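Trainee: let's see this in three dimensions:
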Amino acid sequence: MEAHHLDDLSLAGFFDASPVPTFVINTQHVVTHFNKACENLLGVKAQDMIGERKLGQVFYDHDRPVLADLIVDESAADELERLYTNQAHRSQLIADAYETEAFFPHLGDDGCWLLFTATPLRNSDGSIAGAVETLQDITGRKRAEEALLKYQSTLEELIEKRTTELAQTNRALLEDVARREAAEAALLSRNTELNELNAKLSMAQEHLAQSEKLASIGQLAAGVAHEINNPIGYIFSNFGTLEKYLADLFQMLDAYEKAESSHGNAQTRLALETLRNDIELGFLKEDIPTLMRESKEGLVRVRTIVQNLKDFSHVDASLDWQFTNLLQGIDATLNMVNNEVRYKADIVKDYDVLPEVQCISSEINQVVMNLLINAADAIGPARGQITVRTGVETGKVWFEVADTGTGIPKEVLPRIFDPFFTSKPVGKGTGLGLSLSYGIVQKHHGSIDVQTEMGKGSTFRVTLPINQSATPAAYKESQA
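Mentor: Below you'll find the model as predicted:
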C-alpha cells in the first residue's frame with residue numbers, strides 16, 4: 001500500500017493525543033506517524049522522524065531493524081530469534097502481534113528498559129499495509145525485580161543467620177532453665193531448714209519471719225518471670241519471622257516443583273523425583289506448618305503463664321498504697337493456683353464491677369491465694385465447687401471465697417486465725433495461711449469474716465476500704 005493510503009486513515013490526531021508512545025511505518029519502512037508521547041520518551045522530534053527510515057539509529061545507535069520492520073517484512077520468526085534470542089514472543093492479547101523488552105543504555109540519564117509491541121496494519125484484502133509499534137517504560141519494574149533478587153539473596157543469608165541465632169538462644173534458654181531448677185531446688189532445701197528453725201522461735205517471731213520469707217518468694221517469682229519473659233519475647237518474635245520465611249520457602253518450593261516436569265534432562269527429573277520421595281516432601285509440607293502452629297501455641301501458653309506470674313507478684317508495684325484493679329489481681333491469682341484447684345473443684349466467678357482499691361496489691365493477692373488453696377483442701381473426695389464473688393458497699397469493697405467442702409467444726413472455728421494452728425494432716429500445712437491473711441487484712445484496715453456449716457462448706461469474706469487513711473509505714477509504727 002502507498003504512503004498516501006496510510007494518510008487516508010487520518011490517524012495523526014489520535015496518535016498525538018495518545019499517552020502511549022506510538023509510531024507507525026509503511027511497507028517501505030518509512031515512519032508515517034510519531035506521536036508526542038514517543039517524542040518525550042525517546043528524546044527526538046516527530047518532524048525529524050516522519051518520512052525517514054532511521055529508527056535503528058534512535059534505538060540502537062546504528063542501522064538495524066526494529067520490531068515493526070520485522071512485522072512489515074513478515075519474517076518475524078527467523079529474525080526475532082536472531083535479534084531477540086529467547087526474548088520476543090507472540091502477544092497473548094493481539095493476534096499477529098509480537099512483543100519483547102530490552103535495555104537501551106543511551107536513553108535517559110541511567111538508561112531505560114522498554115517493553116515494545118508491534119502489530120501489523122492490514123488492507124481490506126488482508127495484505128500488509130504497515131505496522132504500528134507501542135512502547136512502555138518498564139524501568140521501574142525491572143529495577144524492582146533486580147532489587148527483589150538482591151533482597152532474596154540477602155533474605156536467604158538472614159534466614160541462615162537467624163536460624164543459627166535461634167539455636168544459640170535455645171541452648172542458652174535450656175541452660176538458664178537448668179540453673180533456675182537448681183536454684184529452686186536449693187531454695188526448697190533452704191525453706192525446709194528455715195521451717196525447722198522457725199518451729200523453735202516464739203509465735204510472734206515466727207509470724208514475722210514467715211511473712212518476710214513469703215515476700216522474698218514473691219520477689220524471686222517476679223524476678224524469674226521477668227528473666228524468662230525476655231528470651232520468650234525474642235523467641236516469639238523470631239518465631240513469627242521464621243513462619244514468614246518458611247511461607248516464602250514453601251512458595252519457592254512450589255515453583256520448583258511446578259518447573260520440575262518441564263526440565264529437559266530426564267536423568268535430573270528422575271533424581272529430583274527420587275529425592276522428593278525419599279524425604280517425603282509432601283508429608284513435610286503438611287507436617288511443618290502443624291509443628292509450627294503447635295509450637296506457637298506452646299509459646300503463647302508460656303507467655304500467658306509468665307504474665308500471670310508477673311501480675312500476681314506485681315514486680316513493678318510499690319510497697320506504698322497504690323490504686324489497683326482488684327478483679328485483675330483475683331484472676332491472676334486464680335490462674336496461679338489453677339493446678340491446685342482444677343482437679344478438685346469447678347471455679348465459678350460471680351463478679352460485680354469494682355472501683356480501683358487503694359492497697360498493696362501483692363499482699364491482697366496473697367490473701368486470695370491462701371483462701372483459694374484452703375477452699376480446695378476443704379473439698380472432699382467428690383468433686384466440688386468454689387465460688388468467687390465480689391461486691392461494693394458504701395466506701396468499701398468485698399470479695400469472698402465460698403466452697404462446698406466439709407465445713408469447719410465449731411470447736412475449731414475460734415482458732416483458725418491463730419498462727420501455726422492447722423486442722424490439716426502433718427506435712428500438709430504450716431498453720432500460717434489464715435494467720436498471715438488476717439494480718440494483711442488488718443494492715444489494710446479491713447476485716448475478714450467466715451460463715452461455715454458442717455457438710456456444706458465455708459465462705460470467707462474480706463472487706464477492704466476503697467481509700468486508705470494512713471501509709472503502710474504509719475501503720476507499722478502504730479503496731480510497734
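Trainee: can you give me the end-to-end distance of stretch 400-409?
Mentor: Using CA to CA, to the nearest Å, the span of stretch 400-409 from its first residue to its last is 20 Å.
Trainee: just the helices from the stretch 101-250 of the chain, written as ranges.
Mentor: For the stretch 101-250 of the chain, the helices defined by DSSP state H, counting those that start in this stretch occupy 139-198, 203-260.
Trainee: helices and strands around the first one, which ones?
Mentor: Where contact means 3 or more CB pairs under 8 Å, 6 or more residues apart in numbering; DSSP states H and E, helix 139-198 is packed against strand 112-122, helix 203-260. (Glycine included, C-beta is placed from N, CA and C.)
Trainee: hey, least reliable of the ones you listed by pLDDT?
Mentor: With a mean of 64, helix 203-260 has the lowest mean pLDDT of the helices and strands packed on helix 139-198.
Trainee: could you point out which element follows it?
Mentor: Moving toward the C-terminus from helix 203-260, the first helix or strand encountered (DSSP states H and E) is helix 266-278.
Trainee: in that next one, what counts as buried?
Mentor: Leu272 (16 or more other CB atoms under 10 Å).
Trainee: need the winner for burial among the helices of the stretch 101-250 of the chain.
Mentor: The highest mean neighbour count among the helices of the stretch 101-250 of the chain, using mean count of other CB atoms under 10 Å, belongs to helix 203-260: a mean of 14.
Trainee: burial of Asp48, as a residue count?
Mentor: Residue neighbour count, defined by other CB atoms under 10 Å, stands at 13 for Asp48.
Trainee: what's the spacing between it and Phe34?
Mentor: 9 Å (CB to CB, to the nearest Å).
Trainee: so the protein: which segments form each domain?
Mentor: What the record gives for the chain is the domain set 3-137, 143-313, 322-479, from automatic domain parsing.
Trainee: out of those, which gets the lowest mean score?
Mentor: Mean pLDDT per stretch puts domain 143-313 lowest among the domains of the chain, at a mean of 73.
Trainee: related to what we said a few turns ago, can you pull the residues that touch both of Asp48 and Phe34?
Mentor: Residues touching both Asp48 and Phe34 by CB atoms under 8 Å, 6 or more residues apart in numbering: none at all.
Trainee: contacting residues around Gln168?
Mentor: Shown here is Gln168, which makes no contacts under the criterion CB under 8 Å, 6+ apart.
Trainee: for the helices of the stretch 101-250 of the chain, could you give me CSV that also reports distance to Thr290?
Mentor: CSV is the format used below for the helices of the stretch 101-250 of the chain (distance: least, CB to CB, whole Å):
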stretch, distance to Thr290
helix 139-198, 19
helix 203-260, 12
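Trainee: so for Met369, which of these sits nearest?
Mentor: Put simply, out of the helices of the stretch 101-250 of the chain the one that sits nearest Met369 is helix 203-260, at 9.9 Å, with distance taken as CB to CB.
Trainee: so Ser458 belongs to a strand, correct?
Mentor: Yes - secondary structure of Ser458, determined by DSSP: H, G, I helix; E, B strand; the rest coil: located in a strand.
Trainee: please name the nearest non-neighbouring residue to it.
Mentor: The shortest distance from Ser458 to any residue other than its chain neighbours is 4.0 Å, reached at Thr452 (CB to CB, 6 or more residues apart in numbering).
Trainee: checking my notes, the one you found in a strand, right?
Mentor: Yes - under three-state DSSP, Thr452 falls within a strand.
Trainee: mind listing the strands the helix or strand in which Glu400 is found pairs with, and their directions?
Mentor: Element membership for Glu400, per DSSP H and E: strand 396-403. Next to strand 396-403 in the sheet, as set by DSSP bridges, lie strand 384-393 (antiparallel), strand 457-465 (antiparallel).
Trainee: hey, which of the ones you listed is tucked in deepest?
Mentor: Comparing those on average neighbours per residue, with mean count of other CB under 10 Å, the densest one is strand 457-465 at a mean of 20.
Trainee: hmm, who's touching it?
Mentor: Contacts made with strand 457-465 from outside it, assessed by CB under 8 Å, 6+ apart, are listed as 357-359, 364, 367, 371, 374-375, 378, 384, 393, 395-408, 437, 441, 444-452.
Trainee: just the buried ones from these, in ChimeraX syntax?
Mentor: For anyone working in ChimeraX, the buried entries among the contacts of strand 457-465, judged by 16+ other CB under 10 Å, can be selected with:
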select :357,358,359,364,367,371,374,375,378,384,397,398,399,400,401,402,403,404,405,406,407,408,437,441,444,446,448,452
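Trainee: let me know the secondary structure of Arg82.
Mentor: When the rule is three-state DSSP, Arg82 gets the label helix.
Trainee: any idea how far it is from Thr27?
Mentor: With CB to CB as the criterion, Arg82 and Thr27 are 21 Å apart.
Trainee: what of Ala95?
Mentor: Here Ala95 is placed at a distance of 19 Å from Thr27 (CB to CB).
Trainee: please apply the same query to Ser361.
Mentor: Per CB to CB, Ser361 is found 92 Å from Thr27.
Trainee: these two - which one has more neighbours?
Mentor: It is Ser361, of Ser361 and Thr27, that has more neighbours when counted by other CB under 10 Å, with 23 against 18.
Trainee: surely the more buried one meets Gly329?
Mentor: Yes - counting by CB atoms under 8 Å, Ser361 sits close enough to Gly329 to count as a contact (5.4 Å).
Trainee: tell me the angle whichever strand or helix holds Gly329 makes with strand 396-403.
Mentor: Assigned by DSSP H and E, Gly329 falls within helix 326-336. Going by axes from the mean of the first three to the mean of the last three CA atoms, to 10 degrees, helix 326-336 is angled at 20 degrees with respect to strand 396-403.
Trainee: tell me which other helices or strands the next helix or strand after helix 326-336 touches.
Mentor: Counting by DSSP H and E, the element after helix 326-336 in chain order, helix or strand, is helix 338-341. The contact analysis (3+ CB pairs under 8 Å, 6+ apart) places helix 338-341 against helix 361-378.
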